[in-house]
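A.B. asks: need coordinates for the below:
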Amino acid sequence: MTGPFRSQSPLTYPLLFVYGLLLRLSAFLDPSPPVTAPADGFLYAGLVSATAMPGGAPPVLFPFVAYLLVFVQALTLDGLMNRERLLPGAGRLPAMSYLLVTALLPDGWRLSAPLLANTLVLPALSLLGAAMNNRRAGRLMFLAGLLVGLATLVHFPAVLFLLLPYWAIVSMGPFPAAVWVLALTGFLLPFYYTLSLQYLLSAWDPASVWKAFRPGLPGMGASGTGPWAWAVLLLPLASGVWHVNRQVFRMLIRSRKCWYLFLLHLALAAVAPFLLPSPAGSGWVSLAPALSALHANAYVQPRRRWVPELMHWACLLVTVFANLSA
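C.D. replies: Residues are numbered from 1 along each chain as shown. Okay, the predicted model is just below:
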């Protein structure tokens, strides 16, 4: 089943689009409004308020917007992994993995703050992947910091991802202090303009852009397939991590740095849902970029082809049951 997605043919793109639609079929048959949670940032809260106004967007529009965001994110991850040659001969497997992983994560079918934030975090990861192999990385670090800052205004726990640019800077060796400052300046710029606009409009409210963490246990998903979804997500994850660890010292230095960047993202994204927990578990969608990269690695590396096929079919069966029970 993964075979068609190993191709580099342009025909793979419409196949990917239909594949992702079928994975979320119940979301289109029974549309629901955007998910809200305590971790929602200033920008996302404003978006939800606008759609809730009389004459706002019809509910049927939300699953289409959510899916278009996921599809763009999948292509962004695919472009990053192919550009940095993280998976030899992978074709469109990273994009396929992203569509599948987001269909399995809690509330990954619906429009939510962490899902929207991923649209900003993934380009930031792509910029950091390019910056780690570029000695003139100041502009790239500034843009990556800016994207992380905007993501924080969408989903506040994304503030943790500010560590990603600084890890990338450290991994490149000695760097001028200006690069460190540029990354922080890019991150703070969205906050500066947001607070300035609030001040000019006499709506000064710093608490709207900077929240206090309230650690707790997040939800794990309301669906009856939730435990099974987590089970089939963790198996390819373990396989992907094992293969990265086994081959890390045989990789090109640039590939090794990118994999370490994904592993750091995975660790930060796993912590984020506990800082401002959501009962619906929507915060787990932040795991999708790194989780999908490792899933794609699990589909490419095993020598016995039946192993990735078995993992893929297990994931597909759980998504089918999730659609039937929705």
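
A.B. asks: just give me the neighbour total for Leu21.
C.D. replies: Neighbour count of Leu21, defined by other C-beta atoms under 10 Å: 16. In short, each C-beta sits where N, CA and C put it, glycine included.

A.B. asks: ok, the closest residue to it other than its chain neighbours - contacts?
C.D. replies: Distance criterion C-beta to C-beta, 6 or more residues apart in numbering; nearest residue to Leu21, sequence neighbours excluded, is Tyr67 at 6.8 Å. Going by C-beta atoms under 8 Å, 6 or more residues apart in numbering, Tyr67 touches Gly20, Leu21, Arg24, Ala27.

A.B. asks: now the helix or strand in which Leu146 is found: buried residues?
C.D. replies: Using DSSP states H and E, Leu146 falls within helix 138-154. Neighbour-count burial for helix 138-154, counted by 16 or more other C-beta atoms under 10 Å, picks out 138, 140-154.

A.B. asks: that one: what's the following helix or strand?
C.D. replies: Beyond helix 138-154 in the direction of the C-terminus, DSSP H and E gives the next helix or strand as helix 163-171.

A.B. asks: and the contacts of Tyr67, which is the shakiest by pLDDT?
C.D. replies: Across the set of those, Ala27 stands lowest in pLDDT, at 85.

A.B. asks: and it, how many residues sit next to it?
C.D. replies: Neighbour number of Ala27 under other C-beta under 10 Å is 22.

A.B. asks: and the angle for the helix holding Leu146 with helix 163-171?
C.D. replies: In terms of direction (axes from the mean of the first three to the mean of the last three C-alpha atoms, to 10 degrees), helix 138-154 departs from helix 163-171 by 160 degrees.

A.B. asks: tell me the contacts of the nearest residue to Ala39 once chain neighbours are set aside?
C.D. replies: Distances taken as C-beta to C-beta, 6+ apart put Leu276 closest to Ala39, at 3.7 Å, once the chain neighbours are dropped. The contact partners of Leu276, by C-beta under 8 Å, 6+ apart, come to Ala37, Pro38, Ala39, Phe156, Pro157, Lys211, Phe213, Arg214, Gly283.

A.B. asks: ok, of the residues you listed, which one's closest to Leu252?
C.D. replies: The shortest approach to Leu252 among the contacts of Leu276 belongs to Pro157, at 32.4 Å (C-beta to C-beta).

A.B. asks: how near is the closest one to Ala39?
C.D. replies: Distance of Pro157 to Ala39, given as C-beta to C-beta, to the nearest Å: 5 Å.

A.B. asks: shared neighbours, these two?
C.D. replies: Listed as contacting both Pro157 and Ala39 by C-beta under 8 Å, 6+ apart are Pro114, Leu275, Leu276, Gly283.

A.B. asks: my guess is the first one meets Gly281, correct?
C.D. replies: So the one you mean is Pro114. No: the pair Pro114 / Gly281 is not scored as a contact, 10.2 Å apart, by C-beta atoms under 8 Å.

A.B. asks: select from the shared contacts of Pro157 and Ala39 the one having the most neighbours.
C.D. replies: Highest neighbour count within these: Pro114, with 32 neighbours (other C-beta under 10 Å).

A.B. asks: can you report phi and psi for that residue?
C.D. replies: Note on Pro114: its backbone torsions stand at phi -60, psi -30 [degrees, to the nearest 10].

A.B. asks: below-threshold pLDDT in the protein: ranges please.
C.D. replies: Filtered on pLDDT under 70, the chain yields the residue ranges 1, 53-57, 175, 221-225, 326.

A.B. asks: and the strands in it?
C.D. replies: Along the chain, no segments are classed as strands by DSSP state E.

A.B. asks: what ranges do the helices span in it?
C.D. replies: Secondary structure of the chain, counting by DSSP state H: helices at 12-23, 25-29, 42-52, 61-83, 93-104, 113-131, 138-154, 163-171, 177-200, 226-247, 253-275, 288-300, 306-325.

A.B. asks: how far away is the closest residue to Leu147 other than its chain neighbours from Ala144?
C.D. replies: Nearest non-adjacent residue to Leu147, counting by C-beta to C-beta, 6+ apart: Ala124, 4.0 Å away. With distances taken as C-beta to C-beta, Ala124 is found 4 Å from Ala144.
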